[in-house]
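In: I'd like to go over a predicted model; first the sequence, then the structure.
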Amino acid sequence: MPKIGVVTFPGTLDDRDALRAVKLAGAEPVALWHNEDDLHGVDAIILPGGFSYGDYLRAGAISRFAPVMERVVDAAKGGMPVLGICNGFQILTETHLLPGSMIKNAHRTFICRDQPLRVETSRTAWTTDYTDGEVIRIPLKNQDGQYVADQRTLDMLEAENRVVFRYVEGATHGPAGFEENPNGSVNAIAGITNEWGNVVGLMPHPEHAVEAGFGPDMPGEGTRSGTDGARFFSSVLTSLVAAN
């Protein structure tokens, strides 16, 4: 059975949800502590959401120097699948495993809502069970969720098909003017991947949409019962099996 590690930092909030999502997908969840430098033989890693180290200095800036992150960076560069969710995405940009940066939402307020996303590419370790162009709905909750990058980086991401998710219309509420792009992210980017597709970061939270009846429904598609996030975790299992 594949083992998927979930890292907990001081201030992490969604580690237990991520561990549960891993278990529901059929993998063995492994709790990893920020102050250890041992990955305990895991096959993939999740950096979950929250406010690691209180988001002091800058979201994810201190976490980048945690002992466990040295091992995570090495593993990612060696091809191990790594998923950064919300604060985890911010940490991935701080480690330069993913390009660009995250700043405060354009409307300067915390946002929490069910968010529709368009899947731009299924060619990553975490999206193989999705279909290109598919629209899914998972929860979004952040304050520093505006993705920014210089034009050269944006051109590279677009040309290499490394934008994994974009925000799309369909949210039922939110700050005026941000119904489609909830935090002002450039090019409506909600998630990206590295050159090899093993590292993915996104701001919305798939771990909160993995159980029937407990996640957001797509309008007119109630049979999905809020489980759009579950395929992140089944995708990585598919990828691990294919790699072996």
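Out: Perfect, thanks for sending it. Source: prediction; values computed, not measured. Numbers count the residues shown, from 1 in each chain.

In: okay, now the unreliable bits of the protein?
Out: Scanning the chain for pLDDT under 70 picks out the ranges 169-179, 217-225.

In: how about the helices in it?
Out: Counting by DSSP state H, one finds helices in the chain at the ranges 15-25, 67-77, 87-94, 151-159, 230-243.

In: in the longest one, which residues are buried?
Out: Buried residues in helix 230-243, defined by neighbour count with 16 or more other CB atoms under 10 Å: 230-237, 239-240. Backbone N, C-alpha and C define where each C-beta goes, glycine included.

In: and the furthest pair within the residues you listed?
Out: A230 and L240 (16.2 Å; CB to CB).

In: now the helices of the chain in CSV, with distance to V42?
Out: CSV is the format used below for the helices of the chain (distance: least, CB to CB, whole Å):
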stretch, distance to V42
helix 15-25, 10
helix 67-77, 8
helix 87-94, 15
helix 151-159, 28
helix 230-243, 11
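
In: please identify the most buried of the ones you listed.
Out: Ranked by mean neighbour count, the helices of the chain are led by helix 87-94 with a mean of 28 (mean count of other CB atoms under 10 Å).

In: how long is stretch 40-58 from one end to the other?
Out: Start-to-end span of stretch 40-58 (CA to CA, to the nearest Å) is 29 Å.

In: can you give me the buried ones in it?
Out: For stretch 40-58, the neighbour count (16+ other CB under 10 Å) marks 42-53, 55 as buried.

In: please identify which of the residues you listed is nearest to G184.
Out: Distance ranking of the buried residues of stretch 40-58 against G184, using CB to CB, places D55 first at 18.3 Å.

In: OK, contacts around the closest one?
Out: Each residue near D55 by CB atoms under 8 Å, 6 or more residues apart in numbering is listed here: 11, 87, 144.

In: try G88
Out: By CB under 8 Å, 6+ apart, the contact list for G88 reads 7, 46-49, 201.

In: just the ones of those in strands?
Out: The members of the contacts of G88 that map onto strands under DSSP state E are 7, 46-47, 201.

In: so can I have JSON lines of those residues showing distance to A125?
Out: Listed next are the ones in strands among the contacts of G88 as JSON lines, based on distance: CB to CB, whole Å:
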{"residue": "V7", "distance to A125": "17"}
{"residue": "I46", "distance to A125": "12"}
{"residue": "L47", "distance to A125": "14"}
{"residue": "G201", "distance to A125": "12"}
